[in-house]
Structure formats: structure tokens, C-alpha cells
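In: Quick check, what structure comes out for this input:
(chains A and B)
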Amino acid sequence: MPITYKKTVAVLDDNCDIEEAEELLSWLIEKPKAKVNLKNLSHMHTAILQVIMASNTEVSAWPQEQAVREKMQWLLNVDTHSTS
Amino acid sequence: MDPMLEAFLSESRDNLETAGKCFLALEDAPNNKDIMDELFRAVHTIKGSSGLFDIHAFTQVVHVAEDILDNAREGALVLDSGHIDTFLDAFDQVNAWLDELENQGSLASSASETAAELIAKLNQIMPVELPSSTTDANNIDDVAIDNSQSYYGELPSWFSKLPQDQRLKAYLALDTNSQLFSIDYTPDAACFFSGDDPLHFVSNLPGLQWFSASSLNPWPDLLALDPFSANLNFQILVTSDNDTLQHHLRYIPEQVEISMLCPSSLINIQGEMGDLGLYEEFCKQAELSVVNGKPDELLRNISTLLSMSGDELYQTQALHWLEALIKHKQTHAQDLGTVELALIRCMLSGELALDEPPIKPEKPNTKEEHGSEDESEALNQQIDNLDADKVDNELLTALLETQVEMLSLSDLDAQDTRLSSVQRILNAALPQALKTSLVAKASFSEKLVACSKAETITIIQSALEKLHNGGIDIDAPEVAPPPLLPSSSASSEEASSTEQQVSASDISSAKDEKTAASKVLRVDQHRIDTLMDLVGELIVAKNALPFLAKKAEEEFDVRPLAKEIKSQYAAINRLSDELQAAVMQIRMVPMSTVFQRFPRLVRDLARKLDKKIKLVLEGEETEADKNVVEELADPLIHLIRNSLDHGLEMPSERVALGKSEQGTITLRAIPKDDQVIIEVCDDGKGIDPNIIKRKAYEKGVIDEERLESISDHEALQLIFAAGFSTAEQVSDLSGRGVGMDVVRTVIQQSGGSVVALSEVGQGSTMRLTLPLSMAVTRVMMLEVSKQLYGISMDNIVETVRVPISEVQGIKRQKAIVLRDRLIPLFDLRTLLEVDDAEQSDELAVLVMHHGDEEIGLVIDEFHEGIDIIQKPLEGVMAGYSFYSGTALLGDGRVLLVLNIPELIACQ
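Out: Alright, predicted model coming up:
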């Protein structure tokens, strides 16, 4: 399982495919204050990214892999996700 | 298997074969356009259809190969043997992948690594920037992208969000081959459903420097969010060359907006101006350091200054940029230039005066040159103008002033270096128009080198004068930039016209083959085999009719019915014979299917052994049953390797012997009745029968008595004996003493024979004789001890009945003399160990070939010959090698087919 749901943290490992998006969304709806742990992430599908962006979910751990972390930070660290 | 994959596999194998053949042909005729075209077509087709499957590694390798071949086809590259080696290696791997695909349905996980290696090797052939290395796209047709964009586009609104370190990184990533692009990418809302992953796509863009995403429409409440509808807009910054980028984005032209940005727009310096007094002295020093090319000194000054400056100051940020640029240029051994000067000057002016893109616009690549020449000519011109003219007037003035100042300095020891560095700067910085006006006609740089210090100063001053007077219009800040995108559209037009040409030639060749193609059917061999089996059954069933006729006549005594059955039998017999022949014809394949792999083998081995060898193929069109031809492959490889390794001498030896330097191996197929003869001839040193005899004796293959009596011809055949090798050393090609043994075994299993012929010093010939077909065998039935047996008709010479009185005894061996030939007799009853027959005064003798001699088999009764489908023995019977197989007779009985040579050997 690429996504493991803990109490308040969803742990995203390896390659999170589009199939996970719906489950993650409903989980985040139930737990609005939950965070995501991206420590062992290698890639997330755009749909997952959308869910995380739309829910404004906080990231509890950034990816270990330098290249992935950099990209995730570009994507998620920007304060305003408004229309450009 | 997926029928599409199946078709792809067989088609690609054919194309690979064609490609392989073409490569070998190209080695002899590197400039042959027809071969090149054929080769390109083959590779192009493989690439095209590979795109249908999820095999990126495969597609990539073929794509890169295709690109290189395209260059070669256009004459930009001539392929030599080394290149061809690389290509052949790559295509061997491609072939292996095809096998993998067939067996496992997918490529091994290591495929992409292997592909990367191969691509690296291929790229060494032609170090062009191939846009394909990270292609995730499969299609072949480059989609023309709307190129109606201006040169340096406006900065996108998100540009200000760019983090400082990314800006610097992107700036440093720029080189002469790449430009800065911003891409606005809005994926189609339904793109997830077509399997797209925009994030993945963006992450893998070539030269990606930075990207971010924002929602296209404000995010709805989570409950209303549809995770499967894309609602994102990506902002992307890449440094890449235009072609590569366009290539990557060719599937989504309507979803992206690309604009090319001025690299200097990356340099973002903000903040309050600090106290100018602090920086004035530094700037003066720094300019000198730049001009004199002393980056170390400058770096030292910068770090000193940085330690004194506050972080938010404008100057500090400029210093950071300056430091990074200098360090970068130092590691890349580049001279400092106008960018650094501008950065230094902005610390005082608070304004970065840098209109010029520090990176030269892309030079038109070879492809464009091949396109419309006029266009590229014009483009070149424009670029030249741009280079020269796009220097800021003010900056130039400042630069020149500094030069004069420097030359006027009076430290003597550095005088010469200083002068030459000033001259260098002048040469680089002055616009061409100005140069010509200063120094008429003669090359400015040559003239300049000859100038003394005073003269240089004069030149600079007159240049300054001209600048001020505006005598020459070099102030062209908004020079019409080279139409980058039109040029690339020209190149893409060129590319698409190439495509068209290809498809056009595809069509024309398709037309040529139209008649043939529409009549050729690709049929799975299993289907033919089934048909063959059915024909076999039919023949067996047909064979039942004569029995029936006999029964009608003898048991029921209805002669007219028997007669009718017989006439019906004749008709069915004729039809089934024709049917059989027709099916056999389907199974017939030309020898070329097995021969064509040898040019490659010979070439590779010859290169490995440093021998010069020509392979001559003869009679490739000779046809034989598919199974026979396939069986031939392994023995022929052994034989050819042997000829290469042991037969042919080194070029030097050959010359010494008065032979031509290049050895010749001839592979020949000759049809002969219902057999086919394959010969492997070489003009090498031949086989010395005396050496063979000695070796055979040493290895215990023959005994002393045989050593005395053996003929030269017989001795030669000893090379096929198990455990025999004449090679002094075992090489990795041959010489382990198994090869020839295997050859003989395989050939004999297919019902053939092999003979070695040789003349010392002249060369040797291996002659294989094989039946055209193995499917239906004609056997003669015979009876021994009330049991029917079959013996292959091929070996039977004649049938005779001899009076028992003519049988002579020689030692313990019985024999008869038939037409002055002595024929040894073997009693089949004894051989089969069945009871002795009651004495009669006449013997039925079947005379047949056994090796090179004839023998007579004593049997009980002859019967007719029939066609049978011989089945191998199975189960407990499989171990009895003196039966070669079984067949079902028309009346349901089982016929055992004897293997006489084995039977006699068992004695």
C-alpha cells in the first residue's frame, strides 16, 4: 500500500498512483486537521497533488530524496494557491 | 498472445533482419543511397510500431538509432565499421527484447538501463542533441506546434515568485545550446482519464529548472472536489534548446503556452541602495579585475565586501550574483565579460543595464541548413548582426573609458598583459560596424594586435568619438531578434517533409511490392503443421482402401466392387498426393532464411580473428522444408566457425603462400532430386589426412590396424568422430572437439549425411546431404518372422532373390557376389534376435547403402513401398535407437521403421 493511514497522518510511500486519490480525499474530509508524510515518496500522481493542494493539508515530513523534496516544496510551499 | 503484439514481433524481426543485412551491405558501400533508404525504412517502421506498446526502452533505442541514420542518410555522417558494430550491438539487444516480449509479454526491469547504455554508445557516433533520450512519447509524427510567438516574450506574472537560488541555478544552466523558456501548462480537465499524469510529465521535462502549480479555478469545498478532474495550472521554467522542448510538448500544443525569456531577466536584484561611498572604490577595482581577467582578486574583494554589507541591500544581492557568476565561469574556464561589468556598475547606478542576452542565440543547426538555404542564410546574417550590434551603447562607452584609464596606469611590469587584455576586450566588445569604420577593410583583430599602447588608446578614443557622435547607428536596443520560432517552424517543416518523403517512399515501395504483398500470407506454423498432420492422416486412411479392395475380392468375392474401390483409390491417391505436395510446398522455405545470418557471423568473427574473409552465398533460393532448413542452422554455424578458425590462414600467411590476402568461404545449396546438398567450402589450408590419422590414433579413435589400412578419404571423415579435435589450442570459437561430432549427429537425425573433402593447401569442403522434407517418408515394407517392418526407401538400392548356393562365406561373414560386387550379408532375423527361419533354397536380399558401401539384408518377404508419417518412439520404446520411428498402417497395424545402421552397429 503506497498510502498508510495512521491516526492523523497519511504516509505516502513510493509511487502514489491515481487510484489512491479518492481514498485520500475521503480520509482528509473526515480528518480536516490531518497531515501528510512524504518521507519515502518518489512520485505522486497529479490527482493526489490536487487533493493535497485543495485541502491545504500540511506536510509533516518532506521527501528524503533531494530531487523529490525540491519539487514538492516548489509545489506545496507556495503560500497562495490562487489563480495566477 | 495479443494479435497486435504478435504481428509486431514478426514484422519487427523481419525488419531487423533487413536492417542487419543493410548494415553489412553499407560496410562495403557506405554511400549507397538505396541501401541507406531501405535501412532507414526498416528502422523507422520498427520504431513506429513499437510505439503501440508500453516498451519505452525499446522505442528509445530505436528512435536514437533512427535519428542517427537519418543524419547519415542526409550525408551528415558516414558510417564506418566501428559505427556499424555499435548499431549491430544495439539491434542485437532490440532483438533480444523482442524475444523477451514474446516470452514474458514485457521487457525486463533492467531494460531501461541497458537502453541508456546503448543510447550513450549510439550518441557517440553522432553527438547531436537528440531530443529523444527522455521521450515518454510514442508516436512518430511530430505535431507541428504553433510557433507564432515573439522572441523574448513578456515575463509571466509568476516570474516574481521564482526563488533566488532557482534563478541563479537556471542562469548558470544556460549555455550556447539552450535558452530560457517559461511554460504555462494547463492540462486538459479530463486528462487523467486518458492516462496522463501532468505532474510526472512536468517533472521529466528536459532542462527543468523550476515549476509550481496553482489551481485553475478556486478549489471547491473538499466535499465537492472531483479528484479525477484536473484543475491545475503549471508554471514551468526550463532551460533547453527549442527543438528538444518542442519535441517534448508536441502532443499537448493546445495546452501549453511557451515563451522564450531573456536570460538576464533571471537576474533579480532588489532592495534599498546602500551607501554609495562604500562601493565606489570596489567598483573601480572590480572593473579592472574583470578587464584584466583576474577573477581570484575580484572574488577576494567581493567576500570582503559581503562581510561588511547588510543582507537586504541592493548591492549585496548584486554581489551575490556576481560571486556566483564568477565562480561558475572560473570552473568552466570562461572569461569574464559584460554581464559582470553590468553587475558591478549597477551597484552604483541601482539599475542593471543589461539589454544584451549574454547567451548567443541558437545557431541554426544542421537540419535547418539542410532546409531552405536562403532562409538559414538570412538567419545567420541576422544573428551576426545581433551579436555585434546588441551591445548597449552606454555600457560600451563606459567600457571603453575604463580601457583608456587602464592603459594610462603606470605600473610598468604589467604593461604587456594589460595591453593584450584590453585589445582582447576591444575585439570582443566593439560592434562590427564600428570596427570597420575604425580600421578600413583589414581585419580588426589582426590590426589591433600589431598596435602599440598609444595606438590602441587612439583607436579607443576615436571609437568613443564615433559613439558619441552617433556616426554609426549601433544603438539598436530593440533589434529585431532572429525569428527563432519561424526558424524552428522551418525545421519542423523540414522534419515533417522528411516524414512525408519517408511515407512517400514507403508507399512507392509498397506499390512495388503490391502484387507480392497482397498475395503473401503470414500464417502461424502451427496451422501448417496441423494441415500437414491431417494430410498425413489422409494418406494413412487412403492406404486402407487397397486392403478393403482385397477384402472385397477375397473374403466376399465381389470382384466388381473391388475393382471400383481400386479405381476410387486411384483418384483419391492422386488427389492426396497433390494435396501433400501442395502442403509441402507451403512448408518450403528458401535456404536464404538460414544463410542470411552468416554474413554477420563471418564479419564479426573475421574482425575478431583479424582475418580477411569474403563469404559467398550460392543457391540461396533453393527451397527445402522449414524443419530441414531450421535444423541446418546449428551445424552450419559449427562448420563455418571451423573454416574461419582452422581452415583459413592469417592474411600474412596467405600472402606468403601466394594466395590472395582475402580468404573465401563459399556456402552453397544445390537441389538434387528429393535431396538438397549444402556445401561449406573454404580456400584455406585444407585438412591433412596424415595429421588426422595420427591424431585419431593418439586419441584412440582408431586402432593401429585401422591406421595402416585407412584411406585418406576415410581418414578425413574421422573429424566427425566424437572427441576429436585437431586444433592445437582451444579457442573460444571452436576446437573443443565437439563441434563436428554435433554436426554429424544433427544431420543424421534429420536423415542426412555429411562428408568432408579436402586437399591440403587448397582448402576443404564439407558436404551435407539432406532430404528436402522430413514430414513424409517413403518406406519399403518387409516381413520378418511374420512381423512387418519398414526401411527407409532412401537407402535401398535393389531387391534380389539369390539361390542359397550363391552365398559364400568369408571368414565368419556371409556374402554374395552381385554383378561383380562383393556384398556382405546380414540376416535381419539374427539382428533382431528372432527365431531362425526354416531353410528355403532362396534368400530374399535387400541391398542397401550403408555408409559408403553396400550391404545385403536377408529378410523373409518383400512388401510394397508406402508413404508414411513417421512418429518418433515414445515412452519405454524411446531408448531403442535401432527403431527410427513408427507409423500407422491403413489397416490399423503399427509399422516399426528400422534404423539399419544402428542395428548393424548394435551387433
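
In: Can you pull the phi and psi angles for residue B:243?
Out: Per-residue torsions, residue B:243: phi -60, psi -50 (degrees, to the nearest 10).

In: and the stretch 201-350 of chain B, which of its residues are near chain A?
Out: B:203, B:210-220, B:222-223, B:225, B:227-228, B:230-233, B:235 (Cβ under 8 Å from any Cβ of the partner chain). The way it works is simple: take the backbone N, C-alpha and C, and place the C-beta from them, glycine included.

In: Low-confidence stretches in the stretch 201-350 of chain B?
Out: Judged by pLDDT under 70, the stretch 201-350 of chain B has no weakly predicted residues.

In: go on, chain A?
Out: A:1, A:78-84.

In: which stretches of it form helices?
Out: Counting by DSSP state H, the segments of chain A that form helices are A:20-30, A:46-55, A:66-76.

In: same deal with the stretch 701-850 of chain B?
Out: In the stretch 701-850 of chain B, the segments counted as helices under DSSP state H, counting those that start in this stretch are B:704-709, B:712-717, B:739-749, B:828-832.

In: Serialize those helices to JSON lines and add fields for mean neighbour count.
Out: Formatted as JSON lines, the helices of the stretch 701-850 of chain B follow (neighbours: other Cβ atoms under 10 Å in any protein chain shown):
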{"stretch": "helix B:704-709", "mean neighbour count": "10"}
{"stretch": "helix B:712-717", "mean neighbour count": "18"}
{"stretch": "helix B:739-749", "mean neighbour count": "19"}
{"stretch": "helix B:828-832", "mean neighbour count": "17"}
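
In: For residue B:322, find the nearest of these.
Out: Residue B:322 lies closest to helix B:739-749 among the helices of the stretch 701-850 of chain B, at 72.5 Å (Cβ to Cβ).

In: At the contact with chain A, which residues of the stretch 501-650 of chain B appear?
Out: Counting by Cβ under 8 Å from any Cβ, the stretch 501-650 of chain B has no residue next to chain A.

In: Please enumerate the strands of the stretch 501-650 of chain B.
Out: B:588-590, B:613-618, B:623-625 (DSSP state E, counting those that start in this stretch).

In: buried residues in the longest one?
Out: In this case it means strand B:613-618. For strand B:613-618, burial by neighbour count (16 or more other Cβ atoms under 10 Å in any protein chain shown) applies to B:613, B:615, B:617.

In: Check stretch B:93-107 too.
Out: Buried residues in stretch B:93-107 (16+ other Cβ under 10 Å): B:93, B:94, B:95, B:97, B:98, B:100, B:101, B:107.

In: Filter the residues you listed to keep only those in contact with chain A.
Out: Among those, no residue is within reach of chain A (Cβ under 8 Å from any Cβ).

In: just those now: which is nearest residue B:634?
Out: Closest to residue B:634, out of all of the buried residues of stretch B:93-107 and judged by Cβ to Cβ, is residue B:95, at 17.9 Å.

In: Run through the residues that contact that closest one.
Out: Residue B:95 is in contact with B:13, B:16, counting by Cβ atoms under 8 Å, 6 or more residues apart in numbering or on different chains.

In: rerun that using 7 Å as the cut-off
Out: By Cβ atoms under 7 Å, 6 or more residues apart in numbering or on different chains, residue B:95 lies in contact with residue B:16.

In: Residue B:200 now?
Out: residue A:43.

In: For the helix or strand encompassing it, buried residues please.
Out: Assigning secondary structure by DSSP states H and E places residue B:200 in helix B:198-203. Neighbour-count burial for helix B:198-203, counted by 16+ other Cβ under 10 Å, picks out B:198, B:199, B:201, B:202.

In: And for stretch B:812-822?
Out: B:814, B:815, B:816, B:818.

In: what's the domain layout of chain B?
Out: Following automatic domain parsing, one finds the domains of chain B at B:3-132, B:143-218+B:227-266, B:280-349, B:386-469, B:525-586, B:591-771, B:777-905.

In: Select, out of these, the one closest to residue A:61.
Out: Per Cβ to Cβ, nearest to residue A:61 of the domains of chain B: domain B:143-218+B:227-266, 19.3 Å.

In: helix, strand or coil for the closest residue in space to residue B:651 that isn't next to it in sequence?
Out: Leaving aside its chain neighbours, residue B:651 sits nearest to residue B:661 (4.6 Å; criterion: Cβ to Cβ, 6 or more residues apart in numbering or on different chains). Secondary structure assignment for residue B:661 (DSSP: H, G, I helix; E, B strand; the rest coil): coil.

In: Now do the phi/psi pair for residue B:661.
Out: Torsion angles, degrees, to the nearest 10, at residue B:661: phi -60, psi -40.

In: Same list (the buried residues of stretch B:812-822) but as CSV, adding distance to chain A and pLDDT.
Out: Formatted as CSV, those follow (distance: Cβ to the nearest Cβ, whole Å; pLDDT from 0 to 100):
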residue, distance to chain A, pLDDT
B:814, 83, 85
B:815, 83, 88
B:816, 84, 87
B:818, 83, 84
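
In: which ones among those residues are found in strands?
Out: If you go by DSSP state E, the buried residues of stretch B:812-822 have B:814, B:815, B:816, B:818 in strands.

In: how far away is the second one from residue B:824?
Out: What that stands for is residue B:815. Residue B:815 is 5 Å from residue B:824, where distance means Cβ to Cβ, to the nearest Å.

In: With residue B:615 instead?
Out: Distance from residue B:615 to residue B:824, by Cβ to Cβ: 43 Å.

In: can you check residue B:620 too?
Out: Here residue B:620 is placed at a distance of 41 Å from residue B:824 (Cβ to Cβ).

In: Quick check: closest non-adjacent residue to residue 54.
Out: Went with chain A since none was named. Using Cβ to Cβ, 6+ apart and skipping residues adjacent in sequence, the residue nearest residue A:54 is residue B:219, 3.9 Å away.

In: Oops, wrong one, chain B.
Out: Nearest-residue entry for residue B:54: residue B:106, 7.5 Å, with adjacent residues in sequence omitted and distances by Cβ to Cβ, 6+ apart.

In: just residue B:717 next, same as before
Out: Distances taken as Cβ to Cβ, 6+ apart put residue B:756 closest to residue B:717, at 5.9 Å, once the chain neighbours are dropped.

In: Report how many residues lie close to the one you found.
Out: Applying other Cβ atoms under 10 Å in any protein chain shown, we find 23 residues neighbouring residue B:756.

In: Report the contact partners of it.
Out: B:687, B:716, B:717, B:719, B:764, B:766.

In: Would you mind stating the distance between it and residue B:546?
Out: Separation of residue B:756 from residue B:546 (Cβ to Cβ) stands at 44 Å.

In: where does the stretch 651-800 of chain B dip in pLDDT?
Out: Low-confidence segments of the stretch 651-800 of chain B (pLDDT under 70): B:722-739, B:773-776.

In: ok, how many other residues are close to residue 13?
Out: In the absence of a named chain, this looks at chain A. Using other Cβ under 10 Å, residue A:13 has 15 other residues around it.

In: wrong chain, I was asking about chain B
Out: Residue B:13 sits with 16 neighbouring residues when counted by other Cβ under 10 Å.
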